[in-house]
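Colleague: build me a structure from this.
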Amino acid sequence: MNFYYRFRLALKASLMLCAFALSGAALAHSSSNSYLTLSLDNGQPILRTDISLRDIDLRLDLDQNRDGQVQWSEVQARNADLTQWMQQGLSVTAPNGACSLTAQDLLASQHSDGYYLSSLWSVACPAGTTVPGTALTFTYSLIFDQDNLHRGLLRLDIPGAENSYLLSPDQASATVLGAPESAWSVLKRYVVEGVWHIWIGADHILFLLSLLLLAPLASQRKPVWHWQALGQLKPALADVLAVVTAFTVAHSITLSLSVLQLVEPPANIIEPIIALSVVLAALNNLMRWFAVRRWQLALVFGLIHGFGFANVLVDLGLPTKELAVALGGFNVGVELGQLAIVAAFFPFAWTLRSTRFYRWAIVVGGSAAIAIIGSVWIVTRLIG
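Modeller: Residues are numbered from 1 along each chain as shown. Okay, the predicted model is just below:
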C-alpha cells in the first residue's frame, strides 16, 4: 500500500467523518435544550419558557425572507401562531383540575448556544390550590417530535422548594411541589443527567477520543503513521488511565468551583476555548507536540471543560437543600458516561491497532476531521 493510497484513505475517512459530524452532532450540544422556570410573583405562579429560535424556526418556518436569520419582526408577525403552538405543548395540572396558562409577554433572550424566545405565562389553578403546598404535574412536549434528543430543563425558583427536573420524550411530565425528594432520589436523578450531558456533548467526546487515539500505539520519533502497535496491553491501559484520570480530576475541580460560584468565567469565553482544546488535541496526534504526555493536555484543558459542564448544570438548576448530593451525583454521572465512551472505543482501537486502516483512517483521518470540526466550532462560537 503506497503513500498516495494511504493518504487518499486518510483523506476519505476525514471527509466522511466531517460530513457526518457537521450534518448532525457537529454543533456540540446540538441536541438543544429548552429552559423552563416556575416561580412566584406576589404569591401567584409564573412560568417562563425559553425555547431556541432555531428550533422554533425549524418547526414554524419563521425566517420568511430566507436570510438565514430570524428577525424579531418575523417573530412578532407570528405572535398568535407561536402562542398557540406553545400552549399545546405546555400544561400544569393540580389534583383538583387543570391550571390555565395565559401568555403575558414575548421577549428575546440569549443563551450560550444562541437566541431564544422567552415567554412569560401566568398560571391560574383551580380554587384551593396553594403554591407551594400543592403537588402539581408539569408536562412539556414541545420539539420532542422533531428531535428526540431534545430536553426540557425545568427549574423551580420558589423559596423553600428549589428543585430541577429533566423532561424528555420518555418522561415528559414531572410532579413538582409535592413531598420533598429524598437524597437518594436526588442522587439518582443527577447521576442520570450527568451521563446524559456528556453523551450529548460532542466537543467533550471528541476531545477525549483525540487523546485516546494513540494509546494502542508505541510512540516513536517518527510521524504517527509509522508508529507500531503495542504488543502489551498494560502500557496502553496505563496511558488510557492517565488521560481519563487527569481529565476527571481537572473538570471535577472547576465544575465544583463554578457551581459553588467561586469562579464563574463567562460562557462566551469558555465555549470557544473548549473548541480550541479539541483542535489542539487532534493536531497533537499529527504533529506530536505532546504525543507522549497527552495526560497533560487532559489536565490543562480538563479545567476548561469543567466550566462547560458547570454551565449546563447551572442552567438546569440545583436543589438548595441537597446541593452536595446533586453536585456529586452529576459528577459521578459524567464519569460513568466518560467510562462508557472509553469502554466502547478502546477495544475497537486495540483490535485494529496493527492495521494501516487504524493508523491512516482512524488516527490520521480521524484527527484531521476532528481538527476541522473543532475549527468550525471556534468560528461559530466566536461570531454567535
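
Colleague: are we agreed that Val263 is in a strand?
Modeller: No - under DSSP: H, G, I helix; E, B strand; the rest coil, Val263 sits outside any strand and is assigned coil.

Colleague: which non-adjacent residue is nearest it?
Modeller: Leu257 (4.5 Å; C-beta to C-beta, 6 or more residues apart in numbering). All C-beta atoms are positioned from the backbone trio N, CA, C, and that covers glycine.

Colleague: tell me the contacts of the one you found?
Modeller: Neighbour list for Leu257: Val263, Gly306, Ala310 [criterion: C-beta atoms under 8 Å, 6 or more residues apart in numbering].

Colleague: which SSE is Leu107 in?
Modeller: strand 97-111 (DSSP states H and E).

Colleague: next one: Ile341
Modeller: helix 323-352.

Colleague: and the helix or strand following that helix, what's its mean pLDDT?
Modeller: Using DSSP H and E, the helix or strand that follows helix 323-352 in sequence is helix 356. Average pLDDT, helix 356: 90.

Colleague: please apply the same query to stretch 284-293.
Modeller: 74.

Colleague: same thing with stretch 218-233?
Modeller: So the average pLDDT for stretch 218-233 ends up being 87.

Colleague: can you check stretch 252-262 too?
Modeller: The model assigns stretch 252-262 a mean pLDDT of 90.

Colleague: ranges for the helices of the stretch 1-150 of the chain?
Modeller: 3-23, 53-60, 72-77, 79-88 (DSSP state H, counting those that start in this stretch).

Colleague: A strand includes Ser256, no?
Modeller: No - read with three-state DSSP, Ser256 is helix and lies in no strand.

Colleague: look up the closest residue to it, ignoring the ones flanking it.
Modeller: Per C-beta to C-beta, 6+ apart, closest to Ser256 is Leu327, 6.5 Å.

Colleague: same deal with Ile273?
Modeller: Distance criterion C-beta to C-beta, 6+ apart; nearest residue to Ile273, sequence neighbours excluded, is Ile304 at 5.1 Å.

Colleague: kindly report the same for Gly89.
Modeller: Here the residue nearest Gly89, using C-beta to C-beta, 6+ apart, is Leu142, at 3.7 Å.

Colleague: any idea how far that neighbour is from Arg151?
Modeller: 11 Å (C-beta to C-beta, to the nearest Å).

Colleague: any common contacting residues for these two?
Modeller: In contact with both Leu142 and Arg151: Ser34, using C-beta under 8 Å, 6+ apart.

Colleague: one step back: and the strand holding Leu107, which strands flank it?
Modeller: Strand 97-111 pairs in its sheet with strand 90-94 (antiparallel), strand 114-124 (antiparallel), by DSSP bridges.

Colleague: okay if I get these as TSV plus distance to Trp350?
Modeller: Formatted as TSV, these follow (distance: least, C-beta to C-beta, whole Å):
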stretch	distance to Trp350
strand 90-94	49
strand 114-124	40
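
Colleague: domain ranges for the protein?
Modeller: 3-29+200-383, 34-181 (automatic domain parsing).

Colleague: can you list the weak-confidence ranges in the stretch 101-250 of the chain?
Modeller: Scanning the stretch 101-250 of the chain for pLDDT under 70 picks out the ranges 112, 178-181.

Colleague: residues contacting the closest residue to Thr93 other than its chain neighbours?
Modeller: Ranked by C-beta to C-beta, 6+ apart and with sequence neighbours excluded, the top spatial neighbour of Thr93 is Thr137, at 4.5 Å. Remark: with contacts taken as C-beta under 8 Å, 6+ apart, Thr137 is in contact with Val92, Thr93, Ala94, Ser173, Ala174, Thr175, Val176.

Colleague: would you mind listing which of the residues you listed are buried?
Modeller: Val92, Thr93, Ala94, Ala174, Val176 (16 or more other C-beta atoms under 10 Å).

Colleague: which pair in these spans the largest distance?
Modeller: Ala94 and Ala174 (14.1 Å; C-beta to C-beta).

Colleague: the nearest residue to Gln87 once chain neighbours are set aside - how many residues pack around it?
Modeller: What sits nearest to Gln87 in space, not counting adjacent residues and going by C-beta to C-beta, 6+ apart, is Leu101, at 6.1 Å. Neighbourhood size, Leu101 [other C-beta atoms under 10 Å]: 20.

Colleague: so Leu101 touches Trp121, yeah?
Modeller: Yes - between Leu101 and Trp121 a contact is recorded at 4.6 Å, counting by C-beta atoms under 8 Å.

Colleague: buried stuff in the strand holding Leu107?
Modeller: Those would be Cys99, Leu101, Ala103, Leu106, His111, for strand 97-111 by 16+ other C-beta under 10 Å.

Colleague: okay if I get the buried ones among the contacts of Thr137 as TSV plus distance to Leu40?
Modeller: Formatted as TSV, the buried ones among the contacts of Thr137 follow (distance: C-beta to C-beta, whole Å):
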residue	distance to Leu40
Val92	14
Thr93	18
Ala94	15
Ala174	18
Val176	13
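
Colleague: tell me the one among these nearest to Val195.
Modeller: Distances from Val195 to the buried ones among the contacts of Thr137, taken by C-beta to C-beta, are shortest for Ala174, at 18.5 Å.

Colleague: shouldn't the closest one be within a strand?
Modeller: Yes - counting by three-state DSSP, Ala174 is located in a strand.

Colleague: name whatever forms a beta bridge with the nearest residue to it once chain neighbours are set aside.
Modeller: Once flanking residues are discounted, Ala174 sits nearest to Tyr165: 4.1 Å by C-beta to C-beta, 6+ apart. With DSSP bridges applied, Tyr165 shows beta-bridge pairing to Leu154.
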